[in-house]
Every structure is written in structure tokens, then in C-alpha cells.
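[1] Structural data only, the sequence is not supplied:
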């Protein structure tokens, strides 16, 4: 029972309704509230210069743009939400970061699911995109993710991260520019080409969602890398998501017995498994409480 309660706290007690994206679109699909009030975060001029100077040392440099500062202000007005989402990363960081490194990608890309799915692995958008990395079915299949009656690998943490890493690597090889890579990840490579090589000067040619998606990610990246500068407190979860690899077809009930899981725990952590059997070549995820972690401010 204690594991069920712990899982509830980890996955749901702080989880916002998924449809409430960081953009919080109104019916006319606008983000008018971002234009209201002071668009700058609560840092003095010296502090802003310091953060942006240091940020240029990242593998994905953060440009000093008004659009990004507006999203900084938005996230800081919703500080508790961002703290919860960034804290959720600690459940998966040990899985996702090594995969990004394997493909030679910047570690900072681990923050992309903050914008994509709020780090909710079973998230589904109104457009039918699914998982941490929000793959639509066509792109998922292009990168080898299975979607059938038994499994939907868009919701598999390892396999979807592998697919996302390959996809992002392909986009970078095509565009060689992180702003356009991010734009292409959101609206497609053909769509991003409308910016003609310069996102910031040609972004009006792109959809509204994409024009906001790129600065939103940069704002998240800046806040996640320097939380102390903005008064953010990131809490490490008291567990990690662990996994086991299934080589032969096995019943879910057998998995529950072997891993000492309830059915509810299994379904919550393994949304990629649709039925009563786990197909061969699948990963099964469960929570591990072997290490204890404390609440702390992170550099």
C-alpha cells in the first residue's frame, strides 16, 4: 500500500491537467496575457547580464531576446508549476541523459519534454501526439516505434527517447541551427524551412505555436540551469524510475508478481503496454526506492 501512495504522490498529486499546456491557449489560440504587465523577470540589469553571459557557455546557447524574457516572466508567474515539472525530471534523468549523450546531443535537450509533455509519460495532446516527446504516429513509425494492438512505444521512456534523439540529430544535420531544429521538431522540417535560415527575423512565417515554442524552451532551459538566480527550488523525488527488459512474451500478472507491483502501479508506469501481455523486446518500468534524496536548491 505504501508504494501505491508514494506513486500517487510522485505522479499525480502535483500533476496538472495535461490539456493545460504551458501556453494556456484561449479559444482564439492567442497568448495575450504574455503581452500584459512587465515582460521582464525579477532580476536587476547586472543579474540579467551575468545569466546570459554564462548561458552562452551551454551547448545550446540562449540568445538574449525579448521573446524569451516574456516566457521567463510567464514561468515565474507560475513558479510552483515549473518547480513541480522540473522536479519530475529527477525520476527520469538517469535514463534520458545517457541516451542524449550516446547520440552526441547536448544534455540540455533533456528539458525539451518540459515544454512537450510536462514530463508526464502518458501525456496525449489534442492532435494525437503521445508520450514524453510527443510523437505523432507517422513520425513515431518513421523512427521505428511500434504502434499496434499490444504496444504503443511512443509511451516507452527508453525507446521514445532513442527515437527523439535520432530525430533531433537528423534535424540538426539538416538545419545546423538550434532555433530551427526546435521549430522543426514542433511543426515539421518543411514548416521550419519557411523561416529561410533565420528563425528570429522570419518567425512570422511560422505558426503561432511554433513562434512561441522556441522561446518557451529557451526560457525553460535558462530557468532549469540557473534556478537559484530566479528563486526556484527543485525537489529531487525520493525514487527513480527503474526498468527491466523482457526478452520473451510474458503475462502482465507474472510481471506484477515478479516485481511486486499492483496493477495500478504497472499501468501508471507502463502506458505503452496496452493489453494483458508484454510483447518480447519491451521494457517494463517500476519505481526504485533504494536511494534517498533530500530537498535542496540546485545550481
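    Cool, the structure landed. Nothing here was measured: the structure is a model prediction, and the numbers come from that model.

[2] okay, CA-based contacts and neighbour counts for the rest of this
    OK.

[3] can you give me the offset of stretch 237-246 from its chain's centre?
    In terms of Cα atoms, centre = their mean, to the nearest Å, the centre of stretch 237-246 is found 18 Å from the chain centre.

[4] May I have the residues that are in contact with residue 128?
    The contact partners of residue 128, by Cα atoms under 8 Å, 6 or more residues apart in numbering, come to 136, 137.

[5] what about the helices in the stretch 1-150 of the chain?
    2-11, 45-55, 66-77, 79-88, 93-102, 112-117, 137-142 (DSSP state H, counting those that start in this stretch).

[6] now the strands for the protein?
    Under the criterion DSSP state E, the chain contains strands at 240-246, 250-251, 277-278, 282-288.

[7] can I get those in a markdown table with distance to residue 264, mean neighbour count and mean pLDDT?
    Below are those laid out as a markdown table (distance: least, Cα to Cα, whole Å; neighbours: other Cα atoms under 10 Å; pLDDT from 0 to 100):
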| stretch | distance to residue 264 | mean neighbour count | mean pLDDT |
| --- | --- | --- | --- |
| strand 240-246 | 15 | 15 | 95 |
| strand 250-251 | 15 | 14 | 97 |
| strand 277-278 | 15 | 20 | 97 |
| strand 282-288 | 11 | 20 | 96 |
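
[8] and those as JSON lines, adding distance to residue 213?
    Converted to JSON lines, the strands of the chain look like this (distance: least, Cα to Cα, whole Å):
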{"stretch": "strand 240-246", "distance to residue 213": "28"}
{"stretch": "strand 250-251", "distance to residue 213": "41"}
{"stretch": "strand 277-278", "distance to residue 213": "36"}
{"stretch": "strand 282-288", "distance to residue 213": "30"}
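
[9] To residue 155, which of those lies closest?
    When the strands of the chain are compared by Cα to Cα, strand 282-288 sits nearest residue 155, at 10.8 Å.

[10] now that closest one against strand 240-246, angle please.
    150 degrees (axes from the mean of the first three to the mean of the last three Cα atoms, to 10 degrees).

[11] Strand 282-288: partners in the sheet, and parallel or antiparallel?
    Note on strand 282-288: by DSSP bridges, its sheet partners are strand 240-246 (antiparallel).

[12] What lies in contact with the partner strand?
    Strand 240-246 is contacted from outside by 90-92, 278-289, using Cα under 8 Å, 6+ apart.

[13] Tell me the predicted confidence for residue 29.
    Model confidence at residue 29, given as pLDDT, is 35.

[14] got a list of what residue 122 touches?
    Counted by Cα under 8 Å, 6+ apart, residue 122 has contacts 130, 131, 132, 155, 268, 271.

[15] Just the mean pLDDT for stretch 173-185, thanks.
    For stretch 173-185, mean pLDDT rounds to 97.

[16] hmm, back to that, of the strands of the chain, which is nearest residue 226?
    strand 240-246 (23.1 Å).

[17] what's the angle between the closest one and helix 93-102?
    Strand 240-246 and helix 93-102 are oriented at 70 degrees to each other (the same axes, to 10 degrees).

[18] re earlier: go through the helices of the stretch 1-150 of the chain and pick out the most buried.
    Here the criterion is mean neighbour count by mean count of other Cα atoms under 10 Å, and of the helices of the stretch 1-150 of the chain the winner is helix 112-117, at a mean of 22.

[19] tell me the mean pLDDT over it?
    pLDDT averaged over helix 112-117 gives 97.
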